[in-house]
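Enquirer: 3D, please:
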Amino acid sequence: MSVERTDVLVIGTGFGGAIPAYNLAAGGAKVIMLERGPELGASDFTQSLEIGGYTRIVDLITGTGVQVVAGNCVGGSSVVYFAASLRAPSFVFERRGSTGRRLWPGALTRQALDPWYDRVEATIPVAQQDWNDVPYPGGLFAAACSNAGHTCNPVPVAVDLDRCTNCNWMLNGCRFDAKRSMLLNYLPAARAYGAQVRPLHEVQCISPSLTPGYRYRVDYTVVNENDYRQTTGTGAIEAKIVVVAAGTMGTPVILRRSRLALGTMPGAVGKYFSPNGDRVSMAVMDEARIRDVLGLQRSPGTAYDAFPIGKPIGSMSYDYLDPARPEFERFGLQQIYFPAITNILPEDGTPGAPDWFGVDKKLLAKRWRSWLTLLALTEDDNEGSWGALPPTGNFLRIASSAVVSSLTYRPNANTLRGFAASDAALRSIVEKDGLGKHLDWTGGQPVLSAHPLASCRLGDDPATSALQADHQVRGLPGLFVTDGSAVPTSLTVNPSLTIAALAERASPGIARAARAMGLPVRDQVPPPGG
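Expert: As a prediction, the model looks like this:
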């Protein structure tokens, strides 16, 4: 097998990969990026959930007690996320969890991260919706919050509001290039500086390089674009710097598989997983009460009846993000949209079994246009961990679209307290004055997360964190992790902006490490388009 060489190898092309790739390429390094999934553009994205379309760019990963949705394409999860772009509250950086010790590095505070948030918001860029931009479900949630004595605000989004058609198909990629994914900013900017992006390359292992002057060798397989279980080739690249940004569900598996070859790996790799405290629920709204209590009218005689219309995220209440509240009882409450998941997962809203299927469920489904999907972003306790490694890749593909992970997540009493508190808060908002009925997910269903975090987290304590404060893997110089797995705790908001800001913050340090390896790489470069 021939071995290729480069200055910097970046594994992954989402927020955590595209951002350091741009900064290092613009700084003068030769950069190669490997991406497990395919490369698609606006014309390739479908407005359908058919197998072979949606499942081509998204993995629904099933573990024990948890299901995770993650992007699988060039641009990573930025292609399929809902674009809510929020800074984490200051108290998040002081979190202790059940350890009783600060979980974030002492040098990392909200104030310290703010300049990097600024840079990302200007680059993507992020737009602040006003109430004229918020779609009907977001407006309904805001009106219900106000009726219950709570504030609610339009959510800032990484969306070109003038181009957005409110088609509500963001989860499939944006056909109109209105959603500002990495495809529209950092990735083309990195390519403009010579960075190469190679789709359908699945990394298997990292080992020491045998070539003097190079530090690591990365072995990969090339996967078949029509069936990711099939391979069409293999290869290896040696690099002086390796940045792992394969996503929270991929990075810990790659690193753990590399332990034997590298001779060391922090014990915290693959532990302390967080689903970002995601707690999804639903309400079925009463059109007559919406009209009579809230005075809403979408059109003459129609109070709401608009579940599928608009952007997936419109409004959010920050009232429970109060630093004076006890840890695990602080959470954000958000209107969100899941077109298919809500058809099957909520209880039917009537007493007695069955609560997941049957006549009552069919009657509930008949009222789908009056549904309101809700997301609480709570403080969990990082209870997840990985078990046995799959033979190859990041997880076991039992079919091209069916993925199984050895990740186990069982919420403990702290996390369950947060779930219960957020459920109660949403119930009090939705059911006040008979506006609707709040429905839990059916009992026994796994935690559902689109925001996996923390499986290779930053920290000051080697016992509980895999990475140093500069994102370098402990004991392995020149090996960095910059994706969501580096985020130490759940954030109580959508995590994309924080992942991006942390990747920006890490980039100058990675450039300095490259210089220490003899590469003439600048650590200060203007942002894309700057």
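
Enquirer: If you average pLDDT per helix and strand, which one of this protein comes out bottom?
Expert: helix 341-344 (a mean of 62; mean pLDDT, DSSP states H and E).

Enquirer: average model confidence for the helix or strand that that helix is followed by?
Expert: Downstream of helix 341-344, the next assigned helix or strand under DSSP states H and E is helix 359-366. Taken as a whole, helix 359-366 has an average pLDDT of 84.

Enquirer: quick one: contacts for the closest residue to Tyr272 other than its chain neighbours?
Expert: Excluding its sequence neighbours, the residue lying closest to Tyr272 (Cβ to Cβ, 6 or more residues apart in numbering) is Asn382, at 4.1 Å. For the C-beta atoms, the positions are set from N, CA and C on the backbone; glycine is no exception. Contact analysis of Asn382 by Cβ atoms under 8 Å, 6 or more residues apart in numbering lists Gly97, Leu103, Tyr272, Phe273, Ser274, Ala454, Arg457, Thr489, Ser490.

Enquirer: pLDDT at the first one, what is it?
Expert: It stands for Gly97. As predicted, Gly97 sits at a pLDDT of 96.

Enquirer: Could you check the pLDDT of Leu49?
Expert: pLDDT, Leu49: 79.

Enquirer: what about it, which SS state?
Expert: Secondary structure assignment for Leu49 (DSSP: H, G, I helix; E, B strand; the rest coil): coil.

Enquirer: any idea how far it is from Met170?
Expert: Leu49 sits 13 Å away from Met170, going by Cβ to Cβ, to the nearest Å.

Enquirer: These two: who's more crowded?
Expert: Legend: neighbour count by other Cβ atoms under 10 Å for Leu49 and Met170, higher for Met170 (23 against 14).

Enquirer: phi, psi of that one?
Expert: Main-chain dihedrals, Met170, degrees, to the nearest 10: phi -60, psi -30.

Enquirer: Looks like it contacts Gly310 (just checking).
Expert: No - the criterion here is Cβ atoms under 8 Å, and Met170 misses it with Gly310 at 10.4 Å.

Enquirer: Quick one: residues contacting Asp322.
Expert: Arg330.

Enquirer: swap in the one 10 residues further on?
Expert: When contacts are counted by Cβ under 8 Å, 6+ apart, Gly332 touches Leu86, Met316, Ser317, Tyr318, Tyr320, Leu321, Ala376, Leu377, Thr492, Val493.

Enquirer: And it, its phi and psi?
Expert: Per-residue torsions, Gly332: phi -100, psi 150 (degrees, to the nearest 10).

Enquirer: Then Ala454?
Expert: According to degrees, to the nearest 10, Ala454 has phi 80, psi 10.

Enquirer: What helix or strand is Asp219 located in?
Expert: Using DSSP H and E, Asp219 maps to strand 216-224.

Enquirer: quick one: strands adjacent to that strand?
Expert: Note on strand 216-224: by DSSP bridges, its sheet partners are strand 201-208 (antiparallel), strand 227-244 (antiparallel).

Enquirer: Turn those strands into JSON lines, including distance to Tyr216 and mean pLDDT.
Expert: Putting those into JSON lines (distance: least, Cβ to Cβ, whole Å; pLDDT from 0 to 100) gives the following:
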{"stretch": "strand 201-208", "distance to Tyr216": "5", "mean pLDDT": "98"}
{"stretch": "strand 227-244", "distance to Tyr216": "5", "mean pLDDT": "96"}
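
Enquirer: And those: which comes nearest Val68?
Expert: Proximity to Val68, assessed across those by Cβ to Cβ, is greatest for strand 227-244 (16.7 Å).

Enquirer: Enumerate every residue touching Thr109.
Expert: Thr109 neighbours (Cβ under 8 Å, 6+ apart): Ser90, Phe93, Glu94.

Enquirer: could you redo the last one with a cut-off of 7 Å?
Expert: Thr109 is in contact with Phe93, counting by Cβ atoms under 7 Å, 6 or more residues apart in numbering.

Enquirer: Touching, Tyr304 and Leu294? I think so.
Expert: No - judged on Cβ atoms under 7 Å, Tyr304 makes no contact with Leu294 at a distance of 8.8 Å.

Enquirer: These two: which has the busier surroundings?
Expert: Shown here are Tyr304 and Leu294; by other Cβ under 10 Å, Tyr304 has more neighbours (26 against 20).

Enquirer: so what's the more buried one up against?
Expert: Tyr136, Leu140, Met285, Glu287, Ile290, Leu296, Arg298, Ser370.

Enquirer: Can you tell me the SS state at it?
Expert: Classification of Tyr304 by three-state DSSP places it in coil.

Enquirer: gap between it and Ala158?
Expert: Tyr304 is 27 Å from Ala158, by Cβ to Cβ.

Enquirer: related to what we said a few turns ago, what about the residue nearest to Tyr272, is that helix, strand or coil?
Expert: Going by three-state DSSP: Asn382 is coil.

Enquirer: And the helices in the chain?
Expert: In the chain, helices defined by DSSP state H lie at 15-26, 54-57, 110-123, 136-147, 186-192, 251-257, 259-262, 287-289, 341-344, 359-366, 413-431, 496-516, listed in chain order.

Enquirer: And for the closest residue in space to Pro462 that isn't next to it in sequence, the neighbour number?
Expert: Excluding its sequence neighbours, the residue lying closest to Pro462 (Cβ to Cβ, 6+ apart) is Arg474, at 5.9 Å. Neighbour count of Arg474, defined by other Cβ under 10 Å: 17.

Enquirer: so who does Arg474 touch?
Expert: Pro266, Pro462, Ala466, Leu467, Gln468.

Enquirer: ok, now which ones touch the closest residue to Asn23 other than its chain neighbours?
Expert: Nearest non-adjacent residue to Asn23, counting by Cβ to Cβ, 6+ apart: Ser507, 3.7 Å away. Going by Cβ under 7 Å, 6+ apart, Ser507 touches Ile19, Pro20, Asn23, Leu24.

Enquirer: next one: Glu225
Expert: Pro38, Leu200.

Enquirer: could you check the distance from it over to Cys174?
Expert: Taken as Cβ to Cβ, the spacing of Glu225 relative to Cys174 amounts to 21 Å.

Enquirer: Setting aside sequence neighbours, what's the nearest residue to the most centrally placed residue in the chain?
Expert: Residue closest to the average C-alpha location in the chain (Cα atoms, centre = their mean): His451, at 3.6 Å. Of all residues not flanking His451 in the chain, Asn276 sits nearest, at 3.5 Å (Cβ to Cβ, 6+ apart).
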